[in-house]
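Visitor: Build me a model from this:
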Amino acid sequence: MLENVLTQHNCTVKVKLTVKGLVSLGLVVLAVLLPQLVHLALGQAGGVRWLPMYLPVLLAGCILGTRWGLAVGVLSPLISFAITSIWGDPMPALTRLPFMMAELAVFAAVSGLFTKKIALNGWMAFPAVLLGQVAGRAVFLLLVVLFQSLTPFTPAVIWAQIETGLVGLVLQAVLVPFLVMGLRALIQKDKQ
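Guide: Coordinates of the predicted model:
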């Protein structure tokens, strides 16, 4: 979506990279801060239920597209882990980090596949988010099945976490598309 706007404004490659980089940075910062705020307000159980890091990553996919969204999806949990490790309580935990990086990368990559369609029709953000969520959670579960001998996770534990996080996923499946459509409407208004 953002690529279309920048192209319509005849922006140079340097400007496009700068804008996408700044938007990506802002979304990574949001993906690091939002879980901290949710954990402060609602505890660790709040994070598992509301999945706050997923919202900025889904936004990144829908707005920035597959490649830039993928970078936000991979970097968000990695940077969060690095920063929170300083205080001795890393989020996500080291055992969960590679799984979460893969999951969020898929969230962003799949939702990013729809970015051109979203630029034409904002309602396309709904299937983008839903398919991104389903694919990301499926990848997480599949990776746990494949590597369960190397990890403390079992498919049953992850399935229970998926069920607990349904509330957050449903909220994001509604909230993210409306945020994307709102941003799209602001961009359309700016063009006129």
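Visitor: which stretches of the protein aren't confidently modelled?
Guide: Applying pLDDT under 70 to the chain picks out residues 190-192.
Visitor: all helices for the chain, in order.
Guide: Secondary structure of the chain, counting by DSSP state H: helices at 2-8, 13-50, 54-64, 66-85, 97-112, 115-120, 125-147, 155-164, 166-191.
Visitor: okay, the ones you listed, which one's buried deepest?
Guide: Counting by mean count of other CB atoms under 10 Å, helix 54-64 has the highest mean neighbour count of the helices of the chain, with a mean of 29. Every residue, glycine included, has its C-beta placed from N, CA and C.
Visitor: now for stretch 148-156, what's the gap between its first and last residues?
Guide: This stretch, stretch 148-156, spans 11 Å end to end (CA to CA, to the nearest Å).
Visitor: Pull up the gap between the most centrally placed residue in the chain and residue 73, please.
Guide: Centroid-nearest residue in the chain: residue 57, 1.7 Å away (criterion: CA atoms, centre = their mean). Separation of residue 57 from residue 73 (CB to CB, to the nearest Å) stands at 5 Å.
Visitor: any common contacting residues for these two?
Guide: Contact criterion CB atoms under 8 Å, 6 or more residues apart in numbering; residues shared by residue 57 and residue 73: 104, 107-108.
Visitor: Good, wrapping up.
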